[in-house]
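**Student:** How does the following fold in three dimensions:
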Amino acid sequence: MTAVAAEQPEEGRTLVVTDLSTVPAEPPDDILYTHKAPFIASLWNLWSHREIMYTLAERDFRVQYKQAVLGVAWAVLSPVATLAIFVVVFSRLKSQFPTQGVPYPLYAFVGIMCWSFFAGTLGTGGSALLTNKALLAKTQFPRECFPLETLLLQALNTVISCIPLALLFVYFGRAPKLTTVWVPLLVLVEVVFAAGVTLAVSSMIIQMRDLQQVLPIIISLGIFVTPVIWPFTKIPSDYHLFGNVTVNLQAVYGFFNPLGPVIASIRQTMLLGHNPSWWPLLTAVIGAICYLIFGYRIFKRLEVNFADVA
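**Tutor:** Numbering: from 1, shown residues only. Prediction:
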């Protein structure tokens with residue numbers, strides 16, 4: 001087809017028809033990873049489509065338990081089964097895990113709940129784009145709705161798992177301390193951290209499918225390097241490097257894994273009645289925000305190619 005130019009006097013412009021064979025089928029490789037989306041505008045667009053996330057979370061919640069015989073009861077049984085395993089396996093190592101007078105099942109279950117929320121969000125949200133690939137090319141709402149809706153799904157599961165936590169308080173004759181008022185703020189830090197990691201992982205998995213096989217292994221090992229079954233105080237706060245130089249390893253750890261100070265602070269506030277450890281928690285807040293900004297930017301940079309590679 002040769003190029004043809006046709007005058008359109010009534011509109012005051014020229015229509016040019018070019019050779020269709022010169023139009024590339026896909027965008028050049030050199031621009032696939034240089035896509036830039038305005039950060040603030042993207043966040044506003046995501047907020048304006050928040051009802052989509054509610055709908056997707058409700059759909060996944062119904063599907064998750066629809067074919068299960070016990071249904072929603074699995075949201076309670078799963079963390080309880082994990083707790084039972086930990087109590088049996090580590091019952092002889094209690095002296096290595098000081099809990100400051102708190103019964104170990106209660107102490108561990110708080111960590112299990114926090115970890116289950118993060119692990120469930122990352123495990124489900126990491127592959128959310130692949131799970132919903134049929135919708136990627138057919139919808140106009142932000143693609144980040146798919147991984148972020150898993151936050152709502154896991155939040156609902158976590159709320160349900162509060163039932164055995166309440167029963168543990170009753171069984172051991174204890175009650176949450178007044179300093180539990182700090183818990184919503186601590187949970188917000190975990191939500192920010194989980195959102196950032198999930199956005200980054202979901203965008204990379206759709207580009208490199210091998211990560212989908214590696215992710216469950218990482219999550220399985222992550223519970224042992226996070227203070228779920230062991231106390232955060234095992235990490236020294238004043239580690240001697242050389243000379244008179246010391247470093248707060250708890251703060252360093254908190255930056256790279258904000259979940260550590262979050263779990264420790266929830267235990268301190270809810271079970272012991274103490275205020276959070278502010279310095280590690282501050283680095284955890286900074287780390288969580290960095291994860292969110294970095295993860296969201298990676299997601300927006302790679303999203304231009306999602307529909308093509310899914």
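
**Student:** Residue 128 against residue 146, yeah?
**Tutor:** Yes. Here residue 128 reaches residue 146: they are 4.2 Å apart, a contact under C-beta atoms under 8 Å. Heads up, the C-betas are built off the backbone N, CA and C, glycines and all.

**Student:** So for these two, which residues contact both of them?
**Tutor:** Shared contacts of residue 128 and residue 146 (C-beta atoms under 8 Å, 6 or more residues apart in numbering): residue 202.

**Student:** so how far is residue 295 from residue 180?
**Tutor:** Distance check for residue 180 against residue 295: by C-beta to C-beta, to the nearest Å, it reads 29 Å.

**Student:** likewise residue 89?
**Tutor:** The separation that residue 89 has from residue 295, given C-beta to C-beta, amounts to 33 Å.

**Student:** cool, residue 40 as well?
**Tutor:** Using C-beta to C-beta, which is the criterion applied here, residue 40 is 16 Å from residue 295.

**Student:** Was I right to think residue 270 contacts residue 179?
**Tutor:** Yes. Under the criterion of C-beta under 8 Å, residue 270 lies in contact with residue 179, with a separation of 7.5 Å.

**Student:** So between the two, which is more surrounded?
**Tutor:** Shown here are residue 270 and residue 179; by other C-beta atoms under 10 Å, residue 270 has more neighbours (24 against 17).

**Student:** got the contact list for that one?
**Tutor:** With contacts defined as C-beta under 8 Å, 6+ apart, residue 270 is in contact with 110, 176, 177, 179, 180, 183.

**Student:** coming back round to it: which one of residue 89 and residue 295 has more residues nearby?
**Tutor:** With other C-beta under 10 Å as the criterion, residue 89 and residue 295 differ in neighbour count, and residue 295 comes out ahead with 24 against 10.

**Student:** Where does the more buried one fall, secondary structure wise?
**Tutor:** Remark: residue 295 resides in helix 278-302, with elements defined by DSSP states H and E.

**Student:** what's that helix packed up against?
**Tutor:** Under the contact criterion of 3 or more C-beta pairs under 8 Å, 6 or more residues apart in numbering; DSSP states H and E, helix 278-302 touches helix 39-48, helix 183-205, helix 249-256, helix 259-267.

**Student:** List the neighbours of the first one that are in contact with it.
**Tutor:** Residues outside helix 39-48 that contact it (C-beta under 8 Å, 6+ apart) are 142, 144, 145, 148, 296, 297, 300.

**Student:** Can you mark which positions in that helix are buried?
**Tutor:** Along helix 39-48, these residues count as buried under the neighbour rule (16 or more other C-beta atoms under 10 Å): 42, 46.
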